Every structure is written in structure tokens, then in C-alpha cells.
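Asks: need a structure here:
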Amino acid sequence: MEGVARPSSAARSFADLHCHTSASFDSLSKPASVVRAAAARGLTHLAITDHDRLEGAFVARDSAPPELTVIVGQEVRTTGGDLIGLFLERPIAVGLSSADASQAIHEQGGLVGLAHPFDRFRSSGGRRAGEADLEALRGQIDYVEVWNARIMIGDGNRRAAELAQAAGLAGVAVSDAHTVLEVGVAYTIADGPLDTPQQLFDALPGARLVMGRASRLVRAGMPLAKLIQRARGNRRVVAQ
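Replies: Got it, this is the predicted structure:
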């Protein structure tokens, strides 16, 4: 992080809107450890966005200290790339089109984020979003990850920022943490509370982004995490 986020105040919020726990097939971070780290680093809001599951987010929400608000979310695998759904109570099905997944998130009253849209190593929807699709994008997406701390190779973050600007969408900075060490390495500072979808949506256009970067050594441990989770029977959710 850029130093340590300052303590919560009524006028300002510090949010990391993309974070994983051991409910994901590629993370070993216990939900309770994740929320302890987030609170210790001064975050006021943390979105738990495990791959296609909500169980870890519910555990994190129940174990969070009073000074930290946990937003229940999901990283949703669609046929058009990964999306982030925030403020969910029910998981979104795997394998829907981007439009259908966005609609399902909005039907729950949630917000839809475009995750790491130009990451060459992950399922990234931005590569399919040409100029002809900008109007559709504006109708489906509420914000874009213009800084994802796990993008270490290529110009994915720059292209994401250009896409957000062209589409007239707000941008956020996120850690995409898969380990406790990464929690809050990048985050978004916004004025006012972010406790409801409308509050977050209204605050993002004026937000300040803190653009830290994850350690290459930490990310290098992901294959081991996947192997351990596979041995535990925690595999990626597949479309039904």
C-alpha cells in the first residue's frame, strides 16, 4: 500500500474491491485472516470476490471487526471474460454470457465490474470490447478495474484505463489478492460511505486510486496453491 490507509472517518472510505480467500480454487487465505489483515492495514471496505462461490465471503463478513465492512462478491466466469459482482446474496451461475451475468447481478441489486480486462494470462473481457461494443458495455458494466495489482507483464492496466475513459465508466484500483500479504496493496479511496450499491456507484467517479503492485514471488506461489486445493477437493466450479 501507499503507506497505510488512515483510519475510517465519516468523510472517507478505503476500499479493496477484489480479494480472494480459500473458498477460491487458487487461494489458501483463510477468510478470518484476510479480514484481520484488511482491518490492520486501515481498509474500511473489503470485497471478497472468490471464483464462482460466496461461502468465503459470508464467513469473512461474519468474522469482520466493526471497523471493516465486508462486501459479498464473486468473480464470475462468463463466456466473454471475468466479471466482478458486488453486493450479492446468491451466486451467479458459471458460463453465462457477459450480458446475462451482468443482468443477473443487477437483478440482485448488485454492481458489475469488468475484471482485469486486458490481462493476457487470464479470462479477460476487454479484448472482446471493441469500439462497436462500447454502448453495450455502458449498459452492462458499472466500473472497470483500471489498476489490477497482479498485472505485471504487458500494458493491460493502461489499456483498461483507456477503455474506461472511452466508455465513460469509473475506474478502480484493486489488489486481486490471493494471499494475505497482498490484501490492500492497491485500493480505492472515495468520499463518504460505501455501504450500499448506490453509495459505491455514486462515489467511484471521484475516487482516488492507490496503485501498488503485488510481489512476483507471491504470485509465483499460485500453482502450489492450486495443487493443494485440488488435493483438498476444491476445484474450479464448472458450468452445469
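
Asks: Would you mind measuring from residue 228 to residue 169?
Replies: 37 Å (CB to CB, to the nearest Å). Every residue, glycine included, has its C-beta placed from N, CA and C.

Asks: which residues of this protein fall in helices?
Replies: Taking DSSP state H to define them, one finds helices in the chain at 31-40, 55-63, 98-107, 134-140, 156-167, 197-203, 216-220, 222-231.

Asks: now do the same end-to-end measure for stretch 112-120.
Replies: Across stretch 112-120, the straight-line distance between its terminal residues is 21 Å, by CA to CA, to the nearest Å.

Asks: typo on my end, stretch 73-93
Replies: 13 Å.

Asks: Pull out the buried positions in it.
Replies: For stretch 73-93, the neighbour count (16 or more other CB atoms under 10 Å) marks 73-88, 91-93 as buried.

Asks: now, which of those lie within strands?
Replies: Members of the buried residues of stretch 73-93 lying in strands (criterion: DSSP state E): 73, 74, 75, 76, 77, 78, 81, 82, 83, 84, 85, 86.

Asks: Looking at the residues you listed, which has the smallest pLDDT value?
Replies: Among these, residue 81 carries the weakest pLDDT, at 87.

Asks: pLDDT weak spots in this protein?
Replies: Along the chain, segments meeting pLDDT under 70 span 1-10, 122-135, 240.

Asks: give me that answer again for 80
Replies: Counting by pLDDT under 80, the chain shows low-confidence ranges at 1-10, 120-138, 214-221, 240.
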